[in-house]
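*Asks:* Following is a predicted model, sequence given first.
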Amino acid sequence: MRQIDLQRLADEARFSRFHGVVLFWCAMAIIFDGYDLAVVGIALPSIMKEMGVDATQAGFMASSALFGMMFGNVVFGGLADRLGRRLVICVCIAVFSVFTAGAGLAKDPLTFSAMRFVAGLGIGGVMPNVIAQMTDYAPLRLRSTLVTLMFSGYSVGGMLAAVMGKGLIETYGWQAVFLAAAAPVVLLPLIWMQMPESLSFLARKGRMAELRRVVARLAPEVELRPDDQFVTAAAGRARTPDAGAFRALFGEGRGFSTVMFWITCFMCLFMVYGLNSWLTKLMAGAGYSLGSALTFVLVLNIGATVGAIGGGWLADRLHIKYVLVAMCAIAAVSLTLLGRPMPTGALFLVVGITGACTIGTQTVSCAYCSQFYPAACRATGVGLMLGVGRLGAILAPILIGVIVGMNLPLAQNFMAIAIPAAVAAVSVLLVQHGRSDLARHRAGQAPGAASTLQVVRPVQH
């Protein structure tokens, strides 16, 4: 009788069509997510004009979804470890699609904010679960690349919102870009049929027949025997089955690094949402037309896509922590430069670099966090990090809105977004990488370590 280590099986699997299916649907979920997040910033100038709200009120309206996301990150991240990721992902997509469309029917700021709050629950809930899902199934040698490639869908969603916004808002009004958000609901049956459940969840729930089917797709070269047993922890790293996922975030010396991840996420999301909510307005205030200002949003998200994928590629080949530190430092410099006078071509370049090292940095930090924690508490760890970090996302539109309302020089507006980048560089630097699950897995693949897909032991009777 054999025991097969599911995590090692996933770590050493060859990339296949199965991985492509997981990547595709996780990326699609993030694209939908990114669209729903970016659509408010795209439509904000038009919403302010039609509803007659000032910059401070608009900041609170933009933050309403972020309050929901804070709860969604924590609640749905934890629920997925109990109910299964596939179910939670589908529920979250349905919630944010329907209620974002509902916000497009709102006639006043209060109704708009309420709809966006509920949509935020779904937006926040889907993020930690698709990150954990992709991390669980991605081969170790490609893990950061695949997670960041998947998460770059966030920027694709932002670009989609910018492209659609240029035409829809001018032709049909700001409501049209919100109503378009309902479209992903029709894809839910396909997601349910094609998205596999997580390996650790199936093993914990004793759903052996389904687990065997998934393992056969994940590693078809492994011949399963009828008496095979599956384990979810590598030898020497067994965890007590009754240990809570939350407690595990602070166990085995991970507590300090957990707090550092929270601080990093707070600062990164402050940068991301400060830019997403106010870049269009700031550029319009600097004398650019609505079309040109939306083009800056498009360039920002193109840069974010390049930064996310490039950062993930570097993280699989260099040290992920130091890749992140460098990206945070570059973000601080580029944000500072945005407020300085420069030729339009140079400005587009700086905006692209800013997208790469703000939104891209947040993407790589999620990839790092998901690999820091063991599979049994991965969704909880990423969800709690995003939940705490969401406070920065909530604060940014409000604080930057207040600063915009003060009519300060453009440079000071961007400086308020640049300072958190420097703080994030320090907090990432303080993460204790040696405590991470990633470091332990890489040590297990070091020369001389066992590299077989299967951990074979006699079962004690």
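*Replies:* That came through fine. Residues are numbered from 1 along each chain as shown.
*Asks:* Could you check how far the residue nearest to residue 137 when sequence neighbours are not counted is from residue 316?
*Replies:* Closest residue in space to residue 137, ignoring its immediate chain neighbours: residue 22 at 5.0 Å, by Cβ to Cβ, 6 or more residues apart in numbering. C-betas here are computed from N, CA, C, even on glycine. Separation of residue 22 from residue 316 (Cβ to Cβ, to the nearest Å): 18 Å.
*Asks:* So which of the two has more stuff around it?
*Replies:* Neighbour tally, residue 22 and residue 316, criterion other Cβ atoms under 10 Å: the higher count belongs to residue 22, 22 against 19.
*Asks:* SS state for that one?
*Replies:* For residue 22, the assignment made with DSSP: H, G, I helix; E, B strand; the rest coil gives helix.
*Asks:* Next, count neighbours for residue 193.
*Replies:* Residue 193: 8 neighbours (other Cβ under 10 Å).
*Asks:* sorry, back to before: the residue nearest to residue 137 and residue 195 touch, don't they?
*Replies:* Yes - the pair residue 22 / residue 195 is scored as a contact, 7.1 Å apart, by Cβ atoms under 8 Å.
*Asks:* so what's in contact with those two at the same time?
*Replies:* Shared contacts of residue 22 and residue 195 (Cβ atoms under 8 Å, 6 or more residues apart in numbering): residue 133.
*Asks:* quick one on the thing from earlier: for the residue nearest to residue 137, give me its contacts.
*Replies:* Residues near residue 22 by Cβ under 8 Å, 6+ apart: 133, 134, 137, 195, 196.
*Asks:* Please name the spatially closest residue to the last one (chain neighbours excluded).
*Replies:* Nearest residue to residue 196, sequence neighbours excluded (Cβ to Cβ, 6+ apart): residue 214, at 4.9 Å.
*Asks:* Could you report the distance from that neighbour to residue 208?
*Replies:* 11 Å.
*Asks:* do the same with residue 395
*Replies:* Distance from residue 395 to residue 208, by Cβ to Cβ: 47 Å.
*Asks:* neighbour-wise, which of those two wins?
*Replies:* Comparing residue 395 with residue 208 by other Cβ under 10 Å, the one with more neighbours is residue 395, at 19 against 13.
*Asks:* Skip the chain neighbours and tell me the closest residue to that one.
*Replies:* Take residue 395 and drop its neighbours on the chain: the residue closest to it by Cβ to Cβ, 6+ apart is residue 270, 6.5 Å away.
*Asks:* Going by neighbour count, list what's buried in the helix or strand where that neighbour lies.
*Replies:* For residue 270, the host element (DSSP states H and E) is helix 255-285. For helix 255-285, burial by neighbour count (16 or more other Cβ atoms under 10 Å) applies to 257-285.
*Asks:* I'd like the mean pLDDT over it, please.
*Replies:* Helix 255-285 comes out with an average pLDDT of 82.
*Asks:* Number the chain from 59, please
*Replies:* Let's use 59 as the start, then, which means that last one is helix 313-343.
*Asks:* what about the helices in the stretch 259-408 of the chain?
*Replies:* 266-276, 303-306, 313-343, 348-375, 378-396, 402-430 (DSSP state H, counting those that start in this stretch).
*Asks:* Same question for the stretch 109-258 of the chain.
*Replies:* Along the stretch 109-258 of the chain, the segments classed as helices by DSSP H, counting those that start in this stretch run 113-141, 143-161, 167-195, 201-209, 211-230, 233-237, 246-252, 257-262.
*Asks:* right, and those helices - which one's nearest residue 463?
*Replies:* Proximity to residue 463, assessed across those by Cβ to Cβ, is greatest for helix 113-141 (4.3 Å).
*Asks:* picking up where we left off before, run the angle between the helix holding residue 328 and helix 402-430 for me.
*Replies:* 160 degrees (axes from the mean of the first three to the mean of the last three Cα atoms, to 10 degrees).
*Asks:* For helix 313-343, which helices and strands make contact with it?
*Replies:* Judged by 3 or more Cβ pairs under 8 Å, 6 or more residues apart in numbering; DSSP states H and E, helix 313-343 is in contact with helix 75-109, helix 113-141, helix 348-375, helix 378-396, helix 402-430, helix 436-463, helix 468-487.
*Asks:* Between its first and last residues, what's the separation in stretch 306-318?
*Replies:* 16 Å (Cα to Cα, to the nearest Å).
*Asks:* So what's the gap between it and the chain middle?
*Replies:* Put simply, stretch 306-318 sits 20 Å off its chain's centre (Cα atoms, centre = their mean, to the nearest Å).
*Asks:* Report how many residues lie close to the closest residue to residue 390 other than its chain neighbours.
*Replies:* Nearest residue to residue 390, sequence neighbours excluded (Cβ to Cβ, 6+ apart): residue 479, at 3.8 Å. Using other Cβ under 10 Å, residue 479 has 26 other residues around it.
*Asks:* residue contacts, residue 479?
*Replies:* Listed by Cβ under 8 Å, 6+ apart, the contact set of residue 479 reads 325, 329, 386, 387, 389, 390, 393, 415, 416, 419.
*Asks:* ok, 7 Å please
*Replies:* Neighbouring residues of residue 479 by Cβ atoms under 7 Å, 6 or more residues apart in numbering: 325, 329, 386, 389, 390, 393.
*Asks:* ok, now residue 362?
*Replies:* Residue 362 is in contact with 213, 413, 414, 417, 418, counting by Cβ under 7 Å, 6+ apart.
*Asks:* What pLDDT is listed against the fourth one?
*Replies:* Listed pLDDT for residue 417 reads 84.
*Asks:* do the second one as well
*Replies:* Reading off the per-residue confidence, residue 413 sits at a pLDDT of 88.
*Asks:* if I look at the residue lying closest to it once chain neighbours are set aside, how far off is residue 62?
*Replies:* Spatially, and ignoring its direct neighbours in sequence, residue 413 is nearest to residue 361 (3.0 Å; Cβ to Cβ, 6+ apart). Residue 361 sits 43 Å away from residue 62, taking Cβ to Cβ as the criterion.
*Asks:* how about the most centrally placed residue in the chain, what does it touch?
*Replies:* In the chain, the centroid-proximal residue (Cα atoms, centre = their mean) is residue 185; its distance is 5.0 Å. By Cβ under 7 Å, 6+ apart, the residues touching residue 185 are 91, 131, 444.
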